[in-house]
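1. missing the sequence, but the structure's below:
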């Protein structure tokens, strides 16, 4: 009932708060970045496109997960503002 629904909302809020805290702490966006640039000591923006030699743009789901696959946007752009 309503009590279970409210518990679900509390769990979701706790998950989102933890994700936000970890992304701030680790200077990351959508994944945990562990490859730092040796010269600057910072995490490269290219980490969001794959780490450890991976290229997420060319990866695909296994056949049993193909319902979750969508085409990559080749014309996507990155824009930053201060």
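-> Nice, I can see it. This structure is a prediction, so every number in the text was calculated from the model and none was measured.

2. quick one: terminal-to-terminal distance for stretch 59-70?
-> Chord length of stretch 59-70, first to last residue, is 11 Å (CA to CA, to the nearest Å).

3. Show me which residues of that stretch are buried.
-> For stretch 59-70, a neighbour-count test (16 or more other CB atoms under 10 Å) marks nothing as buried. Every C-beta, even on glycine, is put in place using the N, C-alpha and C of the backbone.

4. now whichever strand or helix holds residue 11: mean pLDDT?
-> Assigned by DSSP states H and E, residue 11 belongs to helix 2-25. The average of the pLDDT scores along helix 2-25 is 84.

5. From the contact counts, what lies against it?
-> Helix 2-25 makes packing contacts with no helix or strand when contacts are defined by 3 or more CB pairs under 8 Å, 6 or more residues apart in numbering; DSSP states H and E.

6. which parts of that helix are buried?
-> For helix 2-25, it's none, nothing buried (16+ other CB under 10 Å).

7. do stretch 68-81 as well
-> For stretch 68-81, using 16+ other CB under 10 Å, no residue counts as buried.

8. quick one: contacts of that stretch?
-> Contacts of stretch 68-81 with the rest of the structure, by CB atoms under 8 Å, 6 or more residues apart in numbering, involve 45, 57, 58, 60, 61.

9. gap between the two ends of it?
-> End-to-end for stretch 68-81, by CA to CA: 31 Å.

10. Now that stretch: average pLDDT?
-> 77.

11. i'd like the first residue to be 825 from this point on
-> Yep, numbering from 825; the last one is stretch 892-905 now.

12. ok, back up a step: nearest to residue 842 among the contacts of stretch 892-905?
-> Taking CB to CB as the measure, residue 869 is the one of the contacts of stretch 892-905 closest to residue 842, at 23.4 Å.

13. Give the full set of residues in contact with residue 828.
-> Counting by CB under 8 Å, 6+ apart, residue 828 makes contact with nothing.

14. picking up where we left off before, mind checking which of the contacts of stretch 892-905 are in strands?
-> Of the positions in these, not one sits in strands, assigned by DSSP state E.
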